[in-house]
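Participant: Next come a sequence and a model predicted from it.
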Amino acid sequence: MSETVRLTTAQAIIKYLENQWIELDGERQRICGGGFGIFGHGNVTCLGEAMYEAHDKLPLYRGQHEQSMGFAAAAYAKFYRRKRFMFCTASAGPGTANLVTSSALAMANRLPMLMLCGDNFLTRLPDPVLQQVEHFNNPSLGVTDSFKAVTRYWDRITHPAQILQSLPQALGVMLDPADCGPAFIGLPQDVQGWTYDYPVSFFEPVVHRVRAIMPDPVELEQAAQALAKAKTPLIIAGGGVQYGDAIEELRAFAERHQIPVVETIAGRANLLWDHPLNCGPIGVTGSESANNLANLADVVLCVGTRLQDFTTGSWSVFALESALIKINPARFDALKHRGTAVVAGAKESLPALSALMGAFHSSPAWLATAAHENASWALIRARNTDSQQGPNRYAQVIGVINGMCSPEDRIVAAAGGLPAELAANWRTLATSSVDIEFGFSCMGYEIAGGWGARIAQSETQPDSDTIVWTGDGSYLLMNSDIYSAVLTEKKLIIMVLDNGGFAVINKLQKGKGNESYNNLIADTPTASNQHRVDFAAHAQSMGATSERVDTVDQLQAAFLRAKASTNTYVIVMNVDPYDGWTTEGHAWWEVGTPAISNSASVTAGHKEVESGRARQRKGV
């Protein structure tokens, strides 16, 4: 008989996670970097006991909100390019329900995150228990079932032995380049404490590797033939280039064949800003250079991108007759919108594709067109970020901070106007240094994600800074991880740019002919008191060092103080909500508009949106 050890279900889960390893840069590290947790009656007595015993191996960071814990875990995984993950533990009921949004963010962004959450008693003897949601005709249905829509792997443990199968499968999903995403394991409160004689071999150290997905020779040949016919080829580089460790392969491929490269929002920082073939960000919040080239390209090689509508301009940025080649380990993404699919990793595919293409390279005329577009966009970006131009604007602040950053610094941003402004105007100083969460476009990610990124960054780049960009709207939605950063001494520099409400949605509202309504505080009829929040004082109350600035000179001096500080540092600055936007380079974007309206301007906005359909590719 094989040797066994008697453990509770919770103890066995933690002991298993302790012993799962991966090699990164020649160093063996635990795949699980630890966890984020808020305890309640559904996880404190059993999971909490097991986690305490392992706290020196799997550090547990105390969260302030379960949703923000999930955001921090996603940012941690993104920093490690999906090679490491964090777990989140929450109690049965609202604590677990709070993780649904962050699980959806991880799902949309193809990021690994493990959720170990309390669940209803399996025996049902004490039902209905505190915080239990009851379904009259289905007693097995509960809050944890809601995660089935926002996870790649879902299980509810009803017997301690089940983790022998469930944990390896969850880990396999989180490390799979084709199927990567969050994993959820529901743990009924009684089952957590039940015991089982586990085989000792289950807990032996295992060194994992991310599986290489090799290209099919036929698919690769088809891609080479399609690309060899190109007169005006273009590469779209997505976030999958970084996740697949293919940055060097992308650069070598582009340089050998002299093909211009444009980046998605998730793919920002695939190439440095001054690389001659880097022709800017593409799409709705992109650059004129990238969008103009996409419209002229006859063959578009899409590498590691899920081709979100902000990338494709709702499928309007490409010429209708252009051919698409998609390299992606996820079959679902590779098969999108017709074209030639190479279901494989970029790292494995690009060198092989290059070999098949031989001496192929773009024509001098096409390269001259790309260089002209690139130079034109550089002038626009320089004008946008000019600190001497007009009132305080997002782009102006971006330009100032960009010029004072070191290459090792990481920037973190999410929903609202800042992602668009950063995507368009940030000059990438180092590869893999930009985290703009626009896959789920989730407000509240900024500060929480910054904390998670800082935890990861401090493990490998302790002398660099993590710079968080947030607006007043996102700050008010979720700011408590300023306190988390202070408590854990994981310094953040947080730029709070206050434009008096949800200004970017007001911009969309006005741009489609509507009246300003309920977005800016000044245009909210129920906001009879026009009080503006003192964000600097609020941040200071949580232990951060903070200051408010009004001018560019003050901003520069404040940022120098923030860089020199060892404490989390918050800089607050008002920016223009109306005229402070980058307007050049934006592609058409399909949004729902009223087909009829009493407002002439709304009707005109609808006609403007509908006119863009002539450029929209049809397909799935």
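Facilitator: Perfect, I can see it now. Numbering: from 1, shown residues only.
Participant: Every contact and neighbour count from this point should use C-alpha atoms.
Facilitator: Will do.
Participant: ranges for the helices of the stretch 1-150 of the chain?
Facilitator: Secondary structure of the stretch 1-150 of the chain (DSSP state H, counting those that start in this stretch): helices at 9-18, 47-53, 66-79, 94-97, 100-108.
Participant: As TSV, these with mean neighbour count, mean pLDDT and distance to Pro577 would be great.
Facilitator: What follows is the helices of the stretch 1-150 of the chain, written out as TSV (neighbours: other CA atoms under 10 Å; pLDDT from 0 to 100; distance: least, CA to CA, whole Å):
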stretch	mean neighbour count	mean pLDDT	distance to Pro577
helix 9-18	22	98	47
helix 47-53	19	97	46
helix 66-79	29	98	27
helix 94-97	20	96	34
helix 100-108	24	98	27
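Participant: Ser314 should be in a strand, yeah?
Facilitator: No: going by DSSP: H, G, I helix; E, B strand; the rest coil, the assignment for Ser314 is coil, not a strand.
Participant: Enumerate every residue touching the nearest residue to it once chain neighbours are set aside.
Facilitator: Leaving out its chain neighbours, the residue that sits closest to Ser314 by CA to CA, 6 or more residues apart in numbering is Trp589, at 5.4 Å. Residues in contact with Trp589 (CA atoms under 8 Å, 6 or more residues apart in numbering) are 284, 309-310, 313-314, 609.
Participant: let's go with 7 Å and repeat that
Facilitator: Contacts for Trp589 were tallied using CA atoms under 7 Å, 6 or more residues apart in numbering; they are 284, 313-314.
Participant: before we move on, the earlier item: tell me which of the helices of the stretch 1-150 of the chain sits nearest to Gln461.
Facilitator: Among those, helix 66-79 comes nearest to Gln461, with 11.2 Å by CA to CA.
Participant: returning to that earlier point: dump the contacts of Trp589 to TSV, plus neighbour count.
Facilitator: TSV is the format used below for the contacts of Trp589 (neighbours: other CA atoms under 10 Å):
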residue	neighbour count
Val284	22
Gly313	25
Ser314	22
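Participant: Closest to Pro188 out of these?
Facilitator: Checking those against Pro188 with CA to CA, the nearest one is Ser314 at 43.3 Å.
Participant: So the closest one sits against His586, correct?
Facilitator: No: at 11.8 Å, Ser314 and His586 do not qualify as touching, with contact defined as CA atoms under 7 Å.
Participant: okay, the residue nearest to Leu492 when sequence neighbours are not counted: pLDDT?
Facilitator: Sequence neighbours aside, Thr568 is the residue nearest to Leu492 in space, at 4.7 Å (criterion: CA to CA, 6+ apart). At Thr568 the predicted local distance difference test score is 98.
Participant: swap in Gly619?
Facilitator: With respect to pLDDT, Gly619 has a value of 67.
Participant: What of Gly500?
Facilitator: Per the predicted model, pLDDT is 93 at Gly500.
Participant: give me phi/psi at Arg124?
Facilitator: Main-chain torsions, Arg124, degrees, to the nearest 10: phi 60, psi 10.
Participant: now the host helix or strand of Ile398, how far from the centre of its chain.
Facilitator: Element membership for Ile398, per DSSP states H and E: helix 394-404. Between the centre of helix 394-404 and the centre of its host chain there is 22 Å, according to CA atoms, centre = their mean, to the nearest Å.
Participant: just checking, what packs against that helix?
Facilitator: helix 417-425 (3 or more CA pairs under 7 Å, 6 or more residues apart in numbering; DSSP states H and E).
Participant: hmm, back to that, can the contacts of Trp589 go into TSV with extra columns for pLDDT and distance to Gly543?
Facilitator: As requested, the contacts of Trp589 are exported to TSV (pLDDT from 0 to 100; distance: CA to CA, whole Å):
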residue	pLDDT	distance to Gly543
Val284	94	38
Gly313	94	42
Ser314	94	44
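Participant: Now the most centrally placed residue in the chain. Nearest residue, chain neighbours left out?
Facilitator: Residue closest to the mean C-alpha point of the chain, counted by CA atoms, centre = their mean, is Glu437 at 3.6 Å. The shortest distance from Glu437 to any non-neighbouring residue, by CA to CA, 6+ apart, is to Ala414 (4.6 Å).
Participant: for the one you found, what are its contacts?
Facilitator: Residues in contact with Ala414, defined by CA under 7 Å, 6+ apart, are 436-438, 441-443, 445-446.
Participant: With Ala294 instead?
Facilitator: Under the criterion of CA under 7 Å, 6+ apart, the neighbours of Ala294 are 234, 317-318.
Participant: let's go with 10 Å and repeat that
Facilitator: With contacts defined as CA atoms under 10 Å, 6 or more residues apart in numbering, the neighbours of Ala294 are 232-236, 262, 282-283, 288, 300, 312, 316-319, 322.
Participant: Buried subset of these as a ChimeraX selection?
Facilitator: Here is the ChimeraX command that selects the buried residues among the contacts of Ala294 (16 or more other CA atoms under 10 Å):
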select :232,233,234,235,236,262,282,283,288,300,312,316,317,318,319,322
